[in-house]
Each structure stands twice: as C-alpha cells, then as structure tokens.
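# Fold the stuff below for me.
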Amino acid sequence: MRALEAAVRLRCFTTAATELALSQGAVSQHIRALEQRLGHPLFVRTASGVEPNPISQALALQIRQGLTVLDRAFDQMPRRTDHGSAAERRERLVISTLPAFAARWLMPRLDAFARLHPEIELEIETSATLARLDASDGIDAAIRYGGGAWPGMAAEHLMDEVVFPVASPDHCGGNLPVLPADLADCVLLRQSVQPWTPWFQAAGLDLVEPQAGVLFSDTLLAVEAALAGRGILLARRSIVEDELRSGRLRRLWTHEIVDVHAHYLVWPTSSRRLAAIGKLRTWLLDEVTRWLADIAPRERGRFA
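Here you go, the predicted model:
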C-alpha cells in the first residue's frame, strides 16, 4: 500500500522506489500484486512512464488517510519535551476537500507545499460531506466547491471551473459526434452534481436533461466510465486536464460554460491556525496562477 501511495503521488515507480528505499522492481512487484488482488489495473503504462487511473488515485487517498490515523495514534503517546526535533515542532494543518479535486488537482502539488513549508504538516481529509469547521471535526480549513458565502467563515476565491463535454477517442469505435446536436443520439454520462442543461443552453441545443442510464455521485467513477468509452462526459477542467494532455480523453467543440460554483479556501475567522492557513492560501493562489498559465497554450492549440 505504501508503494501504491508513493507511485500515485510521484507518478513514477523509480522515484517512489528511491523514496521508500526499495528497488524499482520491488515497487513494480507490489503494484502488480495489488492489481491481481483487486482484479483491476491501477496504472496506464505509456511510452513516457506511468499514469495513475481514477481507481489508484482514490485508493491512494484512502491509504494516506489510514497512515494519518496511525500517525495520530503515535502523536498521542507521551514524548520527551527536551531537545525536541524540528519534525516534532511542526504545526499540523488539517484540510477537507472533495475526493476528485484532491486526487486530480491538489495531490500532485502537495510535495511542492511540503518543500516550501517544512514547518507545516498538511493533512488532507477527503469527503463529500461539508466540514463543520467548528473544531468538533478537527478540520482547520476546507477547499469547498460552492457559491462563496458561508456564514461565520472567511472565504478566498481560488478559481472558477470551466465545464465542457469530453469523450474517449475510442468511444463508439472512434466515431465521435461531429456536431453538438449529435449528442441527441449519444449516451450521456449523468452526474448528480453536474447537470447537462446549462451546457445545452449555452450551446444553443434544444435538448432535455438525460434521465436514462447510471447516475454517478462519484466524479472519479464518472471519469473512469468516460475513459472506458461508455459515454460522453460533461467534465470540469481541473478534473480531466491530465487526460486531455495525455490524449486519453478528447474535448468536444469549443462550447463551454463557467460553472455557477467555484473553488474557495474556507476557514473560521476565529481559527488558532491563521498563520498556517495564510501560508496555504498564498501557496494555493500561486499554484492556481501557474496552472492556468500552463494550460492556456494547450487549450488554444486544441482548437487551432
């Protein structure tokens, strides 16, 4: 499990092996053993290396949370207070966020935060349930996807979310819809948190919200279905950008909408960890700026 967590986070078996003081072959054997046990592939092997799929990303998040529970158990043990090490003096900051955003956007960047702020031990809790942020759940701050107004909370806008249809290049044997109106004859993947109707209206289509087929409450599973060619997905840009870059998903047409919800960093104004939250806030804003600048040329190139 440690091999899987490291390989997903680092996106490289060799780097994971170095971190765990193992050989690259040992990490590969661990991954193969997990794949055989689960009956599912966990990585996509490419010419340039490996890419974790949604199943391995979800598992890695759960493994990281399990390791965190073990860390907490040891933290509760009595310690010597003299000659404490720098690691023992680190401040723990617990952040709650949605599983899909954590897996696809946040997790690949966490090493950069750790290098920049070794004095902060950042702990990520993933849940679709809204954190109370009242000290009862142990959560210090949250990255929320919503309207931006939460009573009693400070909220910093991080980024808007652009939404558009995507499909596997192998969907229907490679016969992708040519015009937006062709969606009337396609299988549209349904998500409880992302209705199709606003995009239909923006594209000038007289189509109604699809009612047939599986309704996904887990965004990662919906992405997996799209990758498997089971339908057209209305996707958030931050969730599928890696698949678009690798070519495993293809964006259809230039029509897009800016979702009514956006990503915010939210924290209680009375928090005792305002200094650490401030460092996280600055780092997140910088990361968003870099990410948007990085993807802008690719987005222009897809429809040049």
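# Show me the strands in the stretch 101-250 of the chain, by range?
120-126, 141-146, 153-167, 190-191, 215-216, 233-236, 250-251 (DSSP state E, counting those that start in this stretch).
# Tell me the helices and strands packed up against the fourth one.
With contacts taken as 3 or more C-beta pairs under 8 Å, 6 or more residues apart in numbering; DSSP states H and E, strand 190-191 sits against strand 215-216. Every residue, glycine included, has its C-beta placed from N, CA and C.
# Give me the packing partners of the strand it packs on, helices and strands only.
strand 190-191.
# Now tell me what touches the strand it packs on from outside.
196, 210, 213-217, 219, 222, 233-234 (C-beta atoms under 8 Å, 6 or more residues apart in numbering).
# Pairing partners for it, with directions?
strand 215-216 (parallel) (DSSP bridges).
# ok, residue 163 to residue 279 distance?
According to C-beta to C-beta, to the nearest Å, residue 163 stands 31 Å off from residue 279.
# same check, this time on residue 39
Taking C-beta to C-beta as the measure, residue 39 falls 42 Å from residue 279.
# In terms of neighbours, single out the busier of the two.
Set side by side, residue 39 and residue 279 show more neighbours around residue 279, with 19 against 6, by other C-beta atoms under 10 Å.
# OK, contacts around the more buried one?
Residue 279 neighbours (C-beta under 8 Å, 6+ apart): 117, 120.
# That one sits in which helix or strand?
Residue 279 is located in helix 274-302, with elements delineated by DSSP states H and E.
# Spatially nearest residue to residue 238 (excluding sequence neighbours)?
Nearest residue to residue 238 in three dimensions, chain neighbours excluded: residue 105, at 4.6 Å (C-beta to C-beta, 6 or more residues apart in numbering).
# Sorry, wrong one. I was asking about residue 187.
Distance criterion C-beta to C-beta, 6+ apart; nearest residue to residue 187, sequence neighbours excluded, is residue 231 at 3.8 Å.
# give me the number of residues near that neighbour?
Residue 231 has 20 nearby residues by other C-beta under 10 Å.
# What average pLDDT does the helix holding residue 279 get?
For helix 274-302, mean pLDDT is 89.
# Equivalent analysis for stretch 108-124, please.
92.
# buried residues in that stretch?
If you call a residue buried by 16 or more other C-beta atoms under 10 Å, then stretch 108-124 has these buried ones: 108, 113, 117, 120-124.
# re the thing from before, tell me which of the strands of the stretch 101-250 of the chain lies nearest to residue 3.
Closest approach to residue 3 among these is made by strand 120-126 (19.5 Å; C-beta to C-beta).
# Show me what the closest one pairs with in its sheet, parallel or antiparallel.
Sheet pairing for strand 120-126, assigned by DSSP bridges, gives strand 91-97 (parallel).
# what angle sits between the partner strand and helix 274-302?
Angle, strand 91-97 to helix 274-302, by axes from the mean of the first three to the mean of the last three C-alpha atoms, to 10 degrees: 40 degrees.
# For the closest residue to residue 103 other than its chain neighbours, give its distance to residue 161.
With sequence-adjacent residues excluded and distances taken as C-beta to C-beta, 6+ apart, residue 103 is closest to residue 57, at 3.9 Å. Residue 57 sits at a distance of 19 Å from residue 161 (criterion: C-beta to C-beta).
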